[in-house]
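Trainee: I'd like to go over a predicted model; first the sequence, then the structure.
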Amino acid sequence: MDTQHKEPHPQPPAKKTGRETLLSYLQLYFVDAMSAMAQGLFASLLVGTIVSTLGAQLGLPVLEEIGGFAKSMAGPAMAIAIGYALKAPALVLFSLTAVGSAANSLGGGGGPLAVLLIAIAAAELGKLVSKKTPVDILVTPLVTIGSGAALAYLFAPAVGAAASAFGQLIKDATVLQPFWMGIVVSVLVGIALTLPISSAALCAAFGLTGLAGGAAVAGCCAQMIGFAVISFRENRWGGLLAQGLGTSMLQVPNIVKNPRIWIAPTLASAITGPLATCLFGLQMNDPSGGVASGMGTCGLVGQIGVYSGWVSDVAAGAKEAITPFDWLGLLLICFVLPAVLAFVIDLGLRKLGWVKPGDMKLDV
């Protein structure tokens, strides 16, 4: 009898079910790629906005110019970040610079969303031909750029139109009486700020100034400060600054995984919006035409915009003076109330088990 021990045959890896395959693609495209895109946006548009705003306030044109360079590279930065998340080969990755520029430019207010969708498609098409021909250095860039540019021309304007329709919904809300307008505008613009669409572009396109602009500022601050505070235990000081002075868009991948983490900042915006319009009469009359309304606390652009509007109104005789009550309202609406409200609401969500430790961990 042969008693020699025989090694068991290695088992082939189990095949993924259709559901597992779908979930892996959702993870790749709408979590990993979106997380990378948010970092690309942060490293270009948002940092550029901060630098250029500092330059304008400090009277340093060189900072304004540097900030302008950074902001102009938002499309390429987002597309390259997406390609990096998709593990695109080098030639595909480098070719995505042109794709990102085209998608962001043609997408208008929905530029970041257009970049996300089109860069994913172009990257995957580029990967299909990468290193498959003897002339890879020509074929891969041509396929990646050609497909991306074609998709940008075909679909980016439609994405932009959809984003503008969302902006029109915000504008329609401004005709309501201040209480309900404050809620609707604050919530919708805050949501737009966190989603991969340009809240600043939407606010500018529809001229969200005056009380509507004040409500928009409140909503953006509720999202940014709210997420910065309630995720502090996961992300500490780096996350606090990245979200509080950068963008709450960094949380989108986590929202995809657990949408309930979005409840606290959104409810906070529904409270601070009408307080801004009805109690403090907070208005955004910055000469930028509404851009600052959609910036929140990003580089303190929203707060600087409110102050610039005050100065302009005083100079024009529309406002007698900047009062302590004005400053109190700005401080409470933009910083104190979003932090306190989001923190308290989040505590309740954690007690219900809807939000768990690690749900808001950032990969930054």
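Mentor: That came through fine. As the structure is a prediction and not an experimental result, all values here were calculated from the model.

Trainee: could you use CA atoms for every contact and neighbour count after this?
Mentor: OK.

Trainee: what packs against the one helix or strand G148 maps to?
Mentor: G148 is part of helix 136-173 when elements are defined by DSSP states H and E. Using 3 or more C-alpha pairs under 8 Å, 6 or more residues apart in numbering; DSSP states H and E as the contact test, the elements touching helix 136-173 are helix 90-107, helix 111-129, helix 178-194, helix 199-205.

Trainee: buried set for it?
Mentor: 139-141, 143-152, 155-161, 163-164, 166-168, 170-171, 173 (16 or more other C-alpha atoms under 10 Å).

Trainee: and that helix, average pLDDT?
Mentor: Throughout helix 136-173, pLDDT has a mean value of 88.

Trainee: any regions of the stretch 201-350 of the chain where pLDDT drops low?
Mentor: The model of the stretch 201-350 of the chain has pLDDT under 70 over residues 201, 204-205, 207, 287-290.

Trainee: also the stretch 1-150 of the chain?
Mentor: Ranges of the stretch 1-150 of the chain meeting pLDDT under 70: 1-16.

Trainee: secondary structure class for the most centrally placed residue in the chain?
Mentor: The centroid of the chain falls nearest to M249 when counting by C-alpha atoms, centre = their mean (3.5 Å). Assigned by DSSP: H, G, I helix; E, B strand; the rest coil, the conformation of M249 is helix.

Trainee: right, and it touches S199 too?
Mentor: No - in this structure M249 lies outside contact range of S199 using C-alpha atoms under 8 Å: 11.0 Å.

Trainee: overlap of the contact sets of these two?
Mentor: Residues touching both M249 and S199 by C-alpha atoms under 8 Å, 6 or more residues apart in numbering: L193.

Trainee: which element is the nearest residue to L341 once chain neighbours are set aside on?
Mentor: Nearest in space to L341, with sequence neighbours left out and distances taken as C-alpha to C-alpha, 6 or more residues apart in numbering, is A268 at 5.5 Å. Using DSSP H and E, A268 sits within helix 263-274.

Trainee: neighbouring contacts of that helix?
Mentor: Everything outside helix 263-274 that qualifies as a contact, by C-alpha under 8 Å, 6+ apart, is 178-187, 190-191, 214-216, 218-224, 226-227, 333, 337-338, 341-343, 345-346.

Trainee: before we move on, the earlier item: so for E234, which of the helices and strands packed on helix 136-173 sits nearest?
Mentor: When these are compared by C-alpha to C-alpha, helix 178-194 sits nearest E234, at 18.7 Å.

Trainee: now do the closest one: which elements does it pack against?
Mentor: helix 136-173, helix 199-205, helix 210-230, helix 263-274.
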